[in-house]
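In: Give me a 3D structure for the following:
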Amino acid sequence: MKLKSLLKESKVWERKFGEPLPTLKMTTEKFKLKKEENLNENDLSKVSGILGKSSNDVNKFLKKHKLDADDLLDVIEAGDRRRSSLMIIAAMNGRSKALRQLDDLLGFL
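Out: The predicted model follows:
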């Protein structure tokens, strides 16, 4: 492969004034972050599909209690799927008993 074609494919030159050229370490970290974000989005869409809630509502709940969508998936898949889903929905609606039960499982409060 020619160097000219590599330079055209990369976005090395698209940077702000004063930014250093990207290193291998920087690019691998950026790739890992992008991959994690995609996994989180997939988990969020799975949880919202199971619960029948919008992704925005589920995301607000997750951010409010500093949880990951993966945590909720673990709760749903670990026990009785219907009961766990109803408990999470009740917790999202602000029911304190459901929040305490979810806290017992995850320890976020």
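
In: Please enumerate the helices of this structure.
Out: Under the criterion DSSP state H, the chain carries helices at the ranges 3-9, 24-51, 55-64, 69-78, 81-92, 96-106.

In: want to throw the ones you listed into JSON lines with mean pLDDT and mean neighbour count?
Out: C-beta here means a position set from N, CA and C on the backbone, and glycine is covered the same way. Putting these into JSON lines (pLDDT from 0 to 100; neighbours: other Cβ atoms under 10 Å) gives the following:
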{"stretch": "helix 3-9", "mean pLDDT": "58", "mean neighbour count": "9"}
{"stretch": "helix 24-51", "mean pLDDT": "85", "mean neighbour count": "13"}
{"stretch": "helix 55-64", "mean pLDDT": "89", "mean neighbour count": "15"}
{"stretch": "helix 69-78", "mean pLDDT": "86", "mean neighbour count": "17"}
{"stretch": "helix 81-92", "mean pLDDT": "88", "mean neighbour count": "17"}
{"stretch": "helix 96-106", "mean pLDDT": "86", "mean neighbour count": "15"}
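
In: Switch those over to CSV; also include distance to residue 18.
Out: Converted to CSV, these look like this (distance: least, Cβ to Cβ, whole Å):
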stretch, distance to residue 18
helix 3-9, 21
helix 24-51, 15
helix 55-64, 33
helix 69-78, 37
helix 81-92, 45
helix 96-106, 43
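
In: Please name whichever of those helices is nearest to residue 16.
Out: With Cβ to Cβ, the closest approach to residue 16 among those belongs to helix 24-51: 14.2 Å.

In: can you state the direction angle for the closest one and helix 55-64?
Out: Taking axes from the mean of the first three to the mean of the last three Cα atoms, to 10 degrees, one finds helix 24-51 and helix 55-64 inclined to each other by 120 degrees.

In: now the angle from helix 24-51 to helix 69-78?
Out: Interaxial angle, helix 24-51 versus helix 69-78 (the same axes, to 10 degrees): 40 degrees.
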